[in-house]
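[1] Give me a model of this one.
(4 chains)
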There are 2 protein chains.
Amino acid sequence: MSRAEQREATRRALLAEGRRRFAADGYHDVVLAEVAQAVGVTKGAAYHHFESKLGLFRAVVAEVQRELGEQVAAAADAHADPWEQLRAGCHAFLAAGRDPTVRRVVLLDAPATLGWDEWRALDEEFSARHLADALTALVDAGVVADQPVEPLTHLLSGAMNEAALWLARSADPEALVSAQRALDGLLEGLRAR
Amino acid sequence: MSRAEQREATRRALLAEGRRRFAADGYHDVVLAEVAQAVGVTKGAAYHHFESKLGLFRAVVAEVQRELGEQVAAAADAHADPWEQLRAGCHAFLAAGRDPTVRRVVLLDAPATLGWDEWRALDEEFSARHLADALTALVDAGVVADQPVEPLTHLLSGAMNEAALWLARSADPEALVSAQRALDGLLEGLRAR
DNA sequence: TCAATTCACATACCCGCAGTATGTGAAACC
DNA sequence: GGTTTCACATACTGCGGGTATGTGAATTGA
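    All right, here's what the predicted structure looks like:
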């Protein structure tokens, strides 16, 4: 294995192990030396690849956010109608947000650990941007009542984040469907009359 | 000063200083010994009154949550009509949630630090409970379309939490009003037709 | 009223872990 | 094939949360 290949392999292994542990134990309870040891390297290697424990966490958050965004976008793209794209994307977010890794890493630890500004920048890049675009298109098309899109985007984004957090803790197998219905009700109320 | 009075005074001083620092610097960056020193006692005193750094934080969160809940309830109680009570309460929450202490302690750090379950229990006790009650009453009265209240409560609660987080970072002085309008739009969409 | 007890702290200490400074040996380059 | 690079390993520091124990003044009870 060439040096570049070895480097990439080590980096990827640290990222994967970090992801597992951050998701399972939360940022604070993860000890960097143990992540490295589990991968067969020492702490020094971790600091060679990531500037700090926070740096590794940041990389994990970005990775999970990206995957989440792709799932939501794929669900939306399965539809042609813009309104159905919005609905499908929202439904997909609720479903995907229940994943333990998304829940713990992205929704719970990231805002407090990275800070809200950085978290929001990542969320914007991978998720909220799509939501804002969809809403803007629907407002422009006259489907949704004319109004500023930005506050609405934050309201809906927050609604879905919290709902996903709740869903993941709910024992009720019907919870996802009931949350999707409730969200449909909110969205339906946005239609221009 | 009697011993009981002294005890209460020290406890309150630690709580107040902790509150200031948790709000200003965030949970992680606060060092317990410095909180104690600022109050004129040592770390030992802090551990005598609170079982740990987390214990002090827990007490601060509960205090801020309680005040927040009282503000929202007071705003709601200023109205007689249940629908207006809901609106006023939501508007008050958005306004109060911008407060730096509420923002940092309750909305940002508490979920990750106390864990979502404990955070939700506190939120339920002081805020979400009122919201759920109001929605239940409106559903029973036929004002809001019949539906399960629990998922709706979480959606709205999350919407307001995130909106408050955003508002506090917004430079636009109109942001609060625009968020309240957007929220009104969502609520209006809930009315039974 | 004074000895016994309680208790609200102070003092001293441990240790886990993030971060850093420096060494090293094998691959890449010239 | 000598030099440089670089992907790590090793060894160390320091901060800070937590704990174990001491202490003196307030409280209590006979």
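[2] Not counting sequence-adjacent ones, nearest residue to residue A:106?
    Among residues not flanking residue A:106 along the chain, residue A:64 sits closest, at 5.4 Å (C-beta to C-beta, 6 or more residues apart in numbering or on different chains). From N, CA and C alone the C-beta is placed, and that goes for glycine too.
[3] again, but for residue A:53
    Counting by C-beta to C-beta, 6+ apart, residue A:53 lies nearest to residue A:32, which is 4.9 Å off, once chain neighbours are set aside.
[4] Ramachandran coordinates for the one you found?
    phi -60, psi -40 (degrees, to the nearest 10).
[5] Verify the stated contact: it with residue A:44.
    No: counting by C-beta atoms under 8 Å, residue A:32 sits too far from residue A:44 to count as a contact (10.6 Å).
[6] residue of chain A with the smallest distance to DNA strand D?
    residue A:44 (2.5 Å; C-beta to the nearest atom of the strand).
[7] where's that residue relative to residue B:15, distance?
    Applying C-beta to C-beta, to the nearest Å, the value for residue A:44 to residue B:15 is 42 Å.
[8] Which one of the two is surrounded by more residues?
    Taking neighbours as other C-beta atoms under 10 Å in any protein chain shown, residue A:44 and residue B:15 compare with residue B:15 leading, 18 against 10.
[9] Cross-check the contact I'm expecting between the more buried one and residue B:56.
    Yes: assessed by C-beta under 8 Å, residue B:15 is found in contact with residue B:56 at 7.3 Å.
[10] For chain A, which helix extends over the most residues?
    Across chain A, the longest stretch assigned as helix under DSSP state H is helix A:53-77.
[11] Following element in sequence after it, please.
    Under the assignment DSSP states H and E, the closest C-terminal helix or strand after helix A:53-77 is helix A:82-96.
[12] any idea of the angle that next one forms with helix A:53-77?
    140 degrees (axes from the mean of the first three to the mean of the last three C-alpha atoms, to 10 degrees).
[13] in helix A:82-96, what's buried?
    Across helix A:82-96, burial judged by 16 or more other C-beta atoms under 10 Å in any protein chain shown covers A:82-83, A:85-96.
[14] And for stretch A:96-112?
    A:96-99, A:101-112.
[15] what about it, start to end distance?
    Criterion C-alpha to C-alpha, to the nearest Å; first-to-last residue distance in stretch A:96-112 is 21 Å.
[16] In chain A, what residue comes closest to chain B?
    Using C-beta to the nearest C-beta, the closest approach of chain A to chain B is made by residue A:189 at 1.0 Å.
[17] mind pulling up the phi and psi values for the closest residue to that residue other than its chain neighbours?
    Leaving out its chain neighbours, the residue that sits closest to residue A:189 by C-beta to C-beta, 6+ apart is residue B:189, at 1.0 Å. When read as degrees, to the nearest 10, the backbone of residue B:189 gives phi -70, psi -10.
[18] and residue A:145, what does it touch?
    Residue A:145 makes contacts with A:139, A:190-193, B:185, as judged by C-beta atoms under 8 Å, 6 or more residues apart in numbering or on different chains.
[19] one more time with 6 Å, if that's ok
    Residue A:145 makes contacts with residue A:192, as judged by C-beta atoms under 6 Å, 6 or more residues apart in numbering or on different chains.
[20] Give me every residue in chain A lying close to chain B.
    For chain A, the contact set with chain B under C-beta under 6 Å from any C-beta of the partner chain comprises A:108-109, A:111-112, A:116, A:148, A:151-152, A:154-155, A:157-159, A:161-163, A:165-166, A:178-179, A:182, A:186, A:189.
[21] Could you measure from the most centrally placed residue in chain A over to residue A:97?
    Centroid check for chain A by C-alpha atoms, centre = their mean gives residue A:65 as the closest residue, at 3.9 Å. For residue A:65, the distance to residue A:97 equals 11 Å [C-beta to C-beta].
[22] Residue A:27 now?
    According to C-beta to C-beta, residue A:27 and residue A:97 sit 18 Å apart.
[23] returning to what we had before: from the buried residues of helix A:82-96, which single one is nearest residue B:69?
    residue A:94 (27.1 Å; C-beta to C-beta).
[24] Show me the domain layout of chain A.
    Here the domain parsing of chain A from automatic domain parsing is A:1-50, A:62-188.
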